[in-house]
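>>> After the sequence you'll find the predicted model.
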Amino acid sequence: MTFTQNLSRTYQTRIQLSDRLNKIKEAIDNSNLNLTLDRELSDLEMASKNLREGVFRLLVLGDLKRGKSTFLNALLGERILPSDVNPCTALLTVLRYGETKKAIVYFKDDRPPQYLELVQPGGNNPSVTYYL
Ligand SMILES: Nc1nc2c(ncn2[C@@H]2O[C@H](COP(=O)(O)OP(=O)(O)O)[C@@H](O)[C@H]2O)c(=O)[nH]1
Ligand SMILES: [Mg+2]
């Protein structure tokens, strides 16, 4: 089986599982048994939605200069994050797929989010390095 066929099968299985979780939730919802399972019901809903959308989170954390950025760049197959012998990334950074390549900086204060273009290949985008 090819890699793409595997992906397609995984996708179909995820959708089936998501449908089944929805059915379980509906069955409990419609039972009128007053089971006080609100928390479990919302967990079921969330799990079903995440399975349908293919959402999963991979958390990478560690001390400075342990190779986190290098590891993530290798995983992505592209030098998106700056990496250096000196500490250069020290903020919580979320990487996710997007139609166009960009970086969004969110501030703690009332300033609106700032959009940065990722123009230079090689992970050396000065504006991104400045913020990270
Ligand atoms: N020898 C070696 N150096 C690495 C490895 N991974 C990262 N580095 C180097 O360690 C330094 C810090 O890496 P970086 O990814 O910026 O670390 P971060 O602070 O955890 O994000 C850089 O100079 C990298 O080139 C590795 O597997 N082996
Ligand atoms: Mg880093």
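That came through, no problem. Just so we're clear, the structure is a prediction, and the values are computed from it rather than from any experiment. Ligands and ions are numbered 1, 2, ... in the order given.
>>> okay, CA-based contacts and neighbour counts for the rest of this
Fine.
>>> how far away is residue 39 from ligand 1?
37 Å (C-alpha to the nearest ligand atom, to the nearest Å).
>>> List phi and psi for residue 65.
phi 60, psi 40 (degrees, to the nearest 10).
>>> That one: how many residues sit nearby?
16 (other C-alpha atoms under 10 Å).
>>> The chain should start at 417 in everything you say after this.
From this message on, residue numbering opens at 417, which makes the last subject residue 481.
>>> Confirm for me that it is in contact with residue 501.
Yes. Residue 481 lies in contact with residue 501 (C-alpha atoms under 8 Å); the separation is 6.9 Å.
>>> Now for those two: what residues contact both?
Common contacts of residue 481 and residue 501, defined by C-alpha atoms under 8 Å, 6 or more residues apart in numbering, are absent altogether.
>>> Enumerate the residues of the chain near ligand 1.
Counting by C-alpha under 6 Å from any ligand atom, the residues of the chain close to ligand 1 are 480-486, 499-501, 503, 505.
>>> Which pLDDT value goes with residue 490?
Each residue has a pLDDT score; the one for residue 490 is 91.
>>> Find me the pLDDT at residue 547, would you?
pLDDT at residue 547 comes out at 72.
>>> meant to ask about residue 519
86.
>>> Burial check on it, number of neighbours?
Burial of residue 519 is recorded as 17 neighbouring residues (other C-alpha under 10 Å).
>>> One more: residue 488?
Residue 488, neighbours per other C-alpha under 10 Å, totals 16.
>>> in which helix or strand would I find it?
Using DSSP states H and E, residue 488 maps to helix 484-492.
>>> Pull out the buried positions in that helix.
By neighbour count on 16 or more other C-alpha atoms under 10 Å, the buried set for helix 484-492 is 484-486, 488-489.
>>> cool, and stretch 450-457?
Within stretch 450-457, the residues that count as buried by 16+ other C-alpha under 10 Å are residue 457.
>>> swap in stretch 509-527?
residue 519.
>>> Also stretch 422-435?
Within stretch 422-435, judged by 16+ other C-alpha under 10 Å, the buried ones are 427, 430-431, 433-435.
>>> Reformat those residues into JSON lines and put pLDDT and distance to residue 442 next to each item.
As requested, these are exported to JSON lines (pLDDT from 0 to 100; distance: C-alpha to C-alpha, whole Å):
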{"residue": "427", "pLDDT": "90", "distance to residue 442": "23"}
{"residue": "430", "pLDDT": "94", "distance to residue 442": "18"}
{"residue": "431", "pLDDT": "96", "distance to residue 442": "16"}
{"residue": "433", "pLDDT": "96", "distance to residue 442": "14"}
{"residue": "434", "pLDDT": "97", "distance to residue 442": "12"}
{"residue": "435", "pLDDT": "97", "distance to residue 442": "10"}
